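Visitor: Below is the sequence, then the predicted model.
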Protein chains: 2
Amino acid sequence: MELTELCTRAKEAKYKVAALDLESRNRALLRIADLLNEQHESLILANAGDIAAATAKGMSIPMVDRLRLTKERIAAISEGMRQVAALPDPLAEVLEEWERPNGLRLKKVRVPLGVIGIIYESRPNVTVDAFALCFKSGNAVILKGGSDALHSNKAICAVIRQGLEECGIDPDVIALIEDSDRETTKKFMQMYGYVDVLIPRGSAGLIRSVVENSRIPVIETGAGNCHVYVDAAADPKKAKDIIINAKTQRLGVCNACESLVIHESVRESIFPMIAAALHDKSVEVRGDEEARLAAPEIVVEASEEDFAKEYLDLLISVKTVKSVEEAIEHINRHSTHHSEAIITEDPVAAEKFLNGVDSACVYVNASTRFTDGFEFGFGAEIGISTQMLHARGPMGLKELTSYKYKIYGNGQVRG
Amino acid sequence: MELTELCTRAKEAKYKVAALDLESRNRALLRIADLLNEQHESLILANAGDIAAATAKGMSIPMVDRLRLTKERIAAISEGMRQVAALPDPLAEVLEEWERPNGLRLKKVRVPLGVIGIIYESRPNVTVDAFALCFKSGNAVILKGGSDALHSNKAICAVIRQGLEECGIDPDVIALIEDSDRETTKKFMQMYGYVDVLIPRGSAGLIRSVVENSRIPVIETGAGNCHVYVDAAADPKKAKDIIINAKTQRLGVCNACESLVIHESVRESIFPMIAAALHDKSVEVRGDEEARLAAPEIVVEASEEDFAKEYLDLLISVKTVKSVEEAIEHINRHSTHHSEAIITEDPVAAEKFLNGVDSACVYVNASTRFTDGFEFGFGAEIGISTQMLHARGPMGLKELTSYKYKIYGNGQVRG
């Protein structure tokens, strides 16, 4: 289908999905969850086409694995959809209610954002997740997935549309852009007036490209150059456990630790033990001169660029500072404003850090890996916002809504 | 000053203003309010340069009047600043607080947006307003005003910077872009990483241009093609009073009514009386065929474009519909999602309209003119958002903030 036609249909469908009650939305989600399992063989068959093409073009084995659908993975995706159905209705909430001296009653209520565009890379499970979250929160969704997953995404969307139709819902509440040329993607980002919000999910390069080319409001997600600061009053065991967890529990994720900041007073007491523990986990440690002096057999030289890098790999940078204030300044200059942690037993240093660090999530004595919609208790996650507008940090169902004011009068005019 | 240097300074100053306590912010606002009055003569002198240039280039008399500063106007601007100082601290609020099963305690707190860029047209009072609201909410601000007001804006900014310095605050929390060429404005809109949010204030053309050229998140404000729908169950007096107020109380404002929607069952009963009342107020009424038949001496032919126009003038369009559903559909197609009203005594029609109309503010039996931060009780207003992201409708101090999560642990790592 031509892009403008597809966007027009989504725009028309958005008011239909916004008007569905919770029961209708949940019934459709559960029906689609069933259909995904029932039709797993045809989904795996479609996926095989993507796998074959990816293998033929020499895609790396971990990437091919991310692309693969199996019966078990489809069951997990289906189960995820059931969990979204079980979540409370984000649209039910009255946010505020008050009366003015002239008798006007104001009610601030949640409403869907409208048409949400999601631009993402390979993994076909995102197709289902994104639909489930957008639909549950009353939005229409237009998906632009990676071309490597096109066969899989087409098959998944067909199942979703079938489920919607069976439940008497306009299937145009979901659309998949099948053209994979750059021109179409660029045109999609210009569909102001049709698409209300764009959410890019994927690499830093993808996100940059969307921010630079879009005329539609974008929610930036993702890149995390996360810091852990070991304060003068740090507990050594907490420091080691948290740093090892934040750096190595999963490497390729945005809430992994990429950089250490060490107070000079613990440079010789605590840091060598941490450096050794990182080394044991095969992490290359790149530090400034002070860090290298403290653990010369382990720490190699860091360049200025190291401090700005999201490695997503077995690498970490180390900066030594003279005070919590210098730590805050270093972090605010280099971080992507995602997640940072302080390890300290000193409540004054902790509050300084919590207040001064300009990031979505700032931790005291806990791993940055907790920045996640599920870990926060949101029950779901569409991504992690690293911008200031609208939503910051993990975004669940509520973050896929806006609000409006309903105002009740009895003839009031302005004097 | 060169643009990058100016933006760098604002970026560095943003953490300083964010760290100021309420008392320090208020003290500075009050000192600046005093200085504006004390230095009114030099402000009027600077303004005279703008007035002379505007007159010489043939600017219309109402526009020249908007540009003019007088002793009384400066006193009013100063008083506005005192009122902002008297408002509660938007940064004091803890939005949510909860604990996870693993013992992590999460606290969602308000924080400033950072560096706010304001791009606006002539009126020099906006310079003071925008500074006061951004500063009170802990933000740094970069102003790009209209070139017609440059002398006035420079003088005002000098007073503000003097007041800040007297209170020991970095004056770089406010900056004025003095170059008025298009290239500088365009470059300003590309200062991603320096400016956190752009808010354009002014004509629809200005706002479009910012949306199309900015790489920075924008809050769209302004354009209002506001509708009043007269339902089958409308009270005739309320209908007339509200329509006359919404259309004629002030013409050039975004919350003025630009279009009527009339249920066919009141086309011959109520509408001719309304048309006559509009005519008495010198409003040209442009209607569809049904409307023209009901008041042929008054109503002239409307073109399809009339229904999409924000006249800001003595003009109104009229569309006849068969049902509240058709009214909602017509409005959602043509409105700018700003403010719309239904006139009805039927609570079922009222709820349908409140739920179905996709606008920031939806009224029952009240004038659209109430869409305003002061009328809502916010005590201040930076603009009225017509987009879905971040803020919708009147934006006061709270809408100039974001949030962050402070997370308190005792050694938690992710399993």
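Guide: Here it is on my side, so go on.
Visitor: From here on, just use CA atoms for contacts and neighbour counts.
Guide: Fine.
Visitor: Now do the helices in the stretch 51-200 of chain A.
Guide: A:61-67, A:71-86, A:125-136, A:150-166, A:182-188 (DSSP state H, counting those that start in this stretch).
Visitor: of all the ones you listed, which gets the most neighbours per residue?
Guide: Ranked by mean neighbour count, these are led by helix A:125-136 with a mean of 24 (mean count of other C-alpha atoms under 10 Å in any protein chain shown).
Visitor: How about residues contacting it?
Guide: A:17, A:22, A:25-26, A:29, A:77, A:80-81, A:84-85, A:89, A:116, A:118, A:120, A:140-141, A:143, A:145, A:153, A:156-157, A:173-174, A:380-382, A:396-397, A:400 (C-alpha atoms under 8 Å, 6 or more residues apart in numbering or on different chains).
Visitor: Alongside chain B, which residues does the stretch 151-300 of chain A contribute?
Guide: A:196-197, A:211-213, A:215, A:217-218, A:238, A:241-242, A:245-246, A:249 (C-alpha under 8 Å from any C-alpha of the partner chain).
Visitor: what's across from A:Tyr408 in the sheet?
Guide: A:Arg105, B:Val364 (DSSP bridges).
Visitor: which residues sit in contact with it?
Guide: A:104-106, B:363-366 are the contacts of A:Tyr408 under C-alpha under 8 Å, 6+ apart.
Visitor: Selecting buried members of the residues you listed in PyMOL, what would you type?
Guide: Buried subset of the contacts of A:Tyr408, written as a PyMOL selection, criterion 16 or more other C-alpha atoms under 10 Å in any protein chain shown:
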select buried, (chain A and resi 104+105+106) or (chain B and resi 363+364+365+366)
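Visitor: what stretches of chain A score poorly on pLDDT?
Guide: Of all residues in chain A, none has pLDDT under 70.
Visitor: Where does it get nearest to chain B, which residue?
Guide: A:His390 (3.5 Å; C-alpha to the nearest C-alpha).
Visitor: quick one, what contacts the spatially closest residue to that residue that is not a sequence neighbour?
Guide: Closest residue to A:His390 apart from its sequence neighbours, by C-alpha to C-alpha, 6 or more residues apart in numbering or on different chains: B:His390 at 3.5 Å. By C-alpha under 8 Å, 6+ apart, B:His390 lies in contact with A:389-391, A:402, B:399.
Visitor: ditto for A:Arg333
Guide: Contacts of A:Arg333 (C-alpha under 8 Å, 6+ apart): none.
Visitor: Mind checking what secondary structure it has?
Guide: Here A:Arg333 is recorded as helix under DSSP: H, G, I helix; E, B strand; the rest coil.
Visitor: Could you do the one 3 residues further on as well?
Guide: Going by three-state DSSP, the secondary structure assigned to A:Thr336 is coil.
Visitor: Would you mind measuring from it to A:Ala239?
Guide: 22 Å (C-alpha to C-alpha, to the nearest Å).
Visitor: Comparing those two, which residue is more hemmed in?
Guide: A:Ala239 (26 against 23; other C-alpha atoms under 10 Å in any protein chain shown).
Visitor: circling back: can you tell me which of the residues of the stretch 151-300 of chain A next to chain B are in helices?
Guide: Counting by DSSP state H, the members of those that fall within helices are A:211-213, A:238, A:241-242, A:245-246.
Visitor: Could you dump those residues into JSON lines and include distance to A:Arg414 and neighbour count?
Guide: Output for these, formatted as JSON lines (distance: C-alpha to C-alpha, whole Å; neighbours: other C-alpha atoms under 10 Å in any protein chain shown):
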{"residue": "A:Val211", "distance to A:Arg414": "41", "neighbour count": "24"}
{"residue": "A:Glu212", "distance to A:Arg414": "43", "neighbour count": "16"}
{"residue": "A:Asn213", "distance to A:Arg414": "42", "neighbour count": "18"}
{"residue": "A:Lys238", "distance to A:Arg414": "61", "neighbour count": "21"}
{"residue": "A:Asp241", "distance to A:Arg414": "62", "neighbour count": "18"}
{"residue": "A:Ile242", "distance to A:Arg414": "59", "neighbour count": "25"}
{"residue": "A:Asn245", "distance to A:Arg414": "60", "neighbour count": "21"}
{"residue": "A:Ala246", "distance to A:Arg414": "57", "neighbour count": "26"}
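Visitor: Tell me which two in the residues you listed are the farthest apart.
Guide: A:Asn213 and A:Lys238 (43.6 Å; C-alpha to C-alpha).
Visitor: can you give me the strands in the stretch 151-300 of chain A?
Guide: A:174-176, A:197-201, A:226-230, A:257-263, A:284-287, A:299-301 (DSSP state E, counting those that start in this stretch).
Visitor: Specify the stretch among these that is closest to B:Ser60.
Guide: strand A:197-201 (39.2 Å).
Visitor: Distance from the chain centre to that closest one, please.
Guide: Put simply, strand A:197-201 sits 10 Å off its chain's centre (C-alpha atoms, centre = their mean, to the nearest Å).
Visitor: Okay, buried residues for it please.
Guide: A:197-201.
Visitor: How about stretch A:15-35?
Guide: Neighbour count says stretch A:15-35 has A:15-18, A:22, A:24-35 buried, by 16+ other C-alpha under 10 Å.
Visitor: Those also near chain B: which ones?
Guide: A:Tyr15.
Visitor: Angles on the backbone of the nearest residue to A:Val266 once chain neighbours are set aside, please.
Guide: Nearest in space to A:Val266, with sequence neighbours left out and distances taken as C-alpha to C-alpha, 6+ apart, is A:Ala232 at 5.9 Å. With angles defined as degrees, to the nearest 10, A:Ala232 sits at phi -60, psi -30.
Visitor: Count residues in the vicinity of A:Ala232, would you?
Guide: 21.
Visitor: Identify the residues contacting A:Tyr15.
Guide: So A:Tyr15 contacts A:114, B:356 (C-alpha under 8 Å, 6+ apart).
Visitor: Based on its surroundings, how many neighbours for the closest residue to A:Met273 other than its chain neighbours?
Guide: Spatial nearest neighbour of A:Met273, excluding adjacent residues (C-alpha to C-alpha, 6+ apart): A:Lys240 at 7.8 Å. Using other C-alpha under 10 Å, A:Lys240 is surrounded by 22 other residues.
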